[in-house]
Every structure is written in structure tokens, then in C-alpha cells.
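1. give me the fold of what follows.
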Amino acid sequence: MKSLAPALQAHLDEGTTTLAWCWRIVRADGVTLGFTDHDRTLTFDGTAFEPESGFAASEVRSGSDLAVDAQDAQGVLSSDRITETDILDGRWDNAGVEVWRVNWADTGQRLLMRRGAIGQIRRGRLVFVAEVRSLAHVLGQTVGRTFQATCDAALGDARCGVNLEAPAFKGTGVIIDLLRDRAFTTSGLGGFTAGWFTFGTLDWTSGANSGRRAEVLSHEIVDGVGIVTLLEAPVRAIAGSDNFTVRAGCDKRIATCGTKFANVANFRGFPNIPGQDAVLRYASQNGGHQGDVL
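-> A predicted model of the protein is given here:
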């Protein structure tokens, strides 16, 4: 149960209220945005809440168990601070949200209804609907290690220990020609063998996508020319002469960990666990049943 400040309680008791919804959103990149369904700017706690942004809220759904409570915030892509490309770029993913009920005639009279995070975003041509999840959604996330044959560390993190800034694992290149919206030929990567950057990451350092990161699906060399294919096409079109920095990738196998990175000591998988073949195998007269690893 929420307790109301006396001034806000007195306003609600009047019967005729001047209430508005306000949303404060803090994105992962540190940008703080404020929106309101009122028709003028409201300001409190150092945040200006923009009116006429097309925001509208659904009912607040809450339960007494640990199920994830949710509320939908629907908006029109009309605000200069809400763009389709930022949504596609993932800048709104898991952004922190505060939902306030505010007396727009006196913003000192307000109540924090909930804190949560942006969940699923459904986008149309002109409108988007963002799910505001309660903090209970964190309890549903998987925590701990995974018992699997391949490594569960992220290449270059503290558990892995590989220095991806080393010249052997980092290259810079320039796009020569576009093959598709996510594939292109490059120059500057001639010192690396085919497949070296497969499953790696690519950071754009110039062009329309500057400052953004993409995942590399494959790295090939055809007739001496390097070809990079991204996992997904960038939100903004890439162009010839765009510059990028690319870092090596890993397929998470222990053989790759040893031959490519000389890092078996930090391998975080369990390569000798029995696979499905251990269940499906059957005895045969050819032997081979001396208790050896399958």
C-alpha cells in the first residue's frame, strides 16, 4: 500500500482533480528523458517532462505474487527524442523507467507509482507500444554458469582474459564495395586469415553508423579480397569509405581457445561431458566398451 502526502491526499479528496501521468526514462547510454500526457511541460527533480509526445498509459496491472507486473506506454513517433532508429538500435532496451502520478497544477504533489524497465517494444509505422515491466522481471533472469561443452565466457571479459586490444586480435578497415545491405568488401585486413573475425564484433568509426557496434557473421577472403558479413543489417545504411574497427571472434570450442588464443587455462566450458551419443550408443560385437570417454 502506498502512503500519500497530506497535500496530495487533500487534493484527491476534493473530487475534482488535476492529475497527469509522467514518465522518467534513463537509457543505458545515460540519457535521461521525461514525458507527460499533459499539454504543457512539467518540471520536477531536475527533469523536464515533455508534453505532446503522444504518450498514453494503459491500466497498471499488479499482483500480490512474484509475477512480473506490467503497464503499457503507447506513443507516437512525433517527439524529436523518440526516433525509430534509436528504437531499432536498442537504445531503449531495458531502460530504467519511473512512472509518476502528478498534480500538474502543483508538481510538488506527486506519487511514484512504480519503477521498472522497458521490456518488449512493438513498433508500427507511426506508433510504438513499450511494455513497462516491474522490478520483479529481474528475478526471472538466469543466474550462474551453464554446464555445457562450449565456453560460456564472453571473449575478452575478465573470465576469459584475452586482450582484444592486442594487434593480433584487432584490425581496422575501410569498406570498398557493398555486396548487400550487410555484406561488403574491405581493405586493411590483409594481414588476417579467413575466418579470423567470424563471430567477432565490429565498431563503426565513421559514417552514418559511427559509434555503433555490430556482430560479425562471417569473414571470408575471395581472390585475395576480404569480405565481411554482419549478422544483421545496420539501422542506417552503410556506404563505401566507411571506416571500422573489428575484433576477433570465437566459436567457444576448446580447440579454438588453444590454437587461436593460447588460452586453454581460462577455458570456461566442460569439453569432456558426455553428449547425446552416450545415451544412444548400444553394445556391439566390435568391442570398444572398456569405459573410455565416448
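2. give me the buried positions along the biggest helix by length in the chain.
-> If you go by DSSP state H, the chain has its longest helix at helix 6-13. Using 16 or more other Cβ atoms under 10 Å as the burial criterion, the residues of helix 6-13 that qualify are 8, 11. All C-beta spots, glycine's among them, are computed from the backbone N, C-alpha and C.
3. then stretch 228-238?
-> For stretch 228-238, a neighbour-count test (16+ other Cβ under 10 Å) marks 228, 230, 234-235, 238 as buried.
4. so where do the strands sit in the stretch 101-250 of the chain?
-> Using DSSP state E, counting those that start in this stretch, the strands assigned to the stretch 101-250 of the chain run over residues 110-123, 127-134, 170-180, 183-187, 201-204, 213-222, 225-230, 243-247.
5. between the longest helix of the chain and strand 110-123, what angle do the directions make?
-> Here the directions of helix 6-13 and strand 110-123 differ by 70 degrees (axes from the mean of the first three to the mean of the last three Cα atoms, to 10 degrees).
6. contacts for helix 6-13, please.
-> Residues from elsewhere that reach helix 6-13 (Cβ atoms under 8 Å, 6 or more residues apart in numbering): 4, 17-18, 103, 106, 108-111.
7. neighbour-wise, which of those leads?
-> Gln109 (22 neighbours; other Cβ atoms under 10 Å).
8. can you pull the contacts of Gly156?
-> Counting by Cβ under 8 Å, 6+ apart, Gly156 makes contact with 162-164, 247.
9. just the buried ones from those?
-> Looks like those have 162, 164, 247 buried, using 16+ other Cβ under 10 Å.
10. circling back to that earlier point, and of the contacts of helix 6-13, the nearest to Val26?
-> When the contacts of helix 6-13 are compared for distance to Val26 (Cβ to Cβ), Arg110 wins out at 17.7 Å.
11. which non-adjacent residue is nearest the closest one?
-> Leaving aside its chain neighbours, Arg110 sits nearest to Val102 (4.2 Å; criterion: Cβ to Cβ, 6 or more residues apart in numbering).
12. and what of Asp29?
-> Arg91 (6.1 Å).
13. looks to me like the one you found is in a strand.
-> No - under DSSP: H, G, I helix; E, B strand; the rest coil, Arg91 sits outside any strand and is assigned coil.
14. that older thread, any idea which of the strands of the stretch 101-250 of the chain gets closest to Phe267?
-> Phe267 lies closest to strand 243-247 among the strands of the stretch 101-250 of the chain, at 19.1 Å (Cβ to Cβ).
15. still on that earlier bit, which of the strands of the stretch 101-250 of the chain comes out lowest on mean pLDDT?
-> Sorting the strands of the stretch 101-250 of the chain by mean pLDDT places strand 127-134 lowest, at a mean of 68.
16. after the helix or strand of the chain with the lowest mean pLDDT, next one along is what?
-> Ranking every helix and strand in the chain by mean pLDDT, DSSP states H and E puts strand 70-76 at the bottom, with a mean of 51. Elements were assigned by DSSP states H and E; along the chain past strand 70-76, the next helix or strand is helix 84-88.
17. so Thr186 is in contact with Val174, correct?
-> Yes - look at Thr186 against Val174 with Cβ atoms under 8 Å: they come within range, at 6.6 Å.
18. what about the residue nearest to Arg110, how many residues nearby?
-> 23.
19. now it: how far from Ala95?
-> Val102 sits 20 Å away from Ala95, going by Cβ to Cβ, to the nearest Å.
20. didn't Asn163 look like it was pressed against Lys170?
-> No - look at Asn163 against Lys170 with Cβ under 8 Å: they stay out of range, at 9.1 Å.
21. quick one: residues contacting Lys252.
-> So Lys252 contacts 150-152, 269 (Cβ under 8 Å, 6+ apart).
22. most neighbours out of those, which is it?
-> Cys151 leads these on contacts (other Cβ under 10 Å) with 24 neighbours.
23. on the pLDDT front, check that one for me.
-> Looking at Cys151, its pLDDT reads 94.
24. I'm done for today, thanks for sticking with me.
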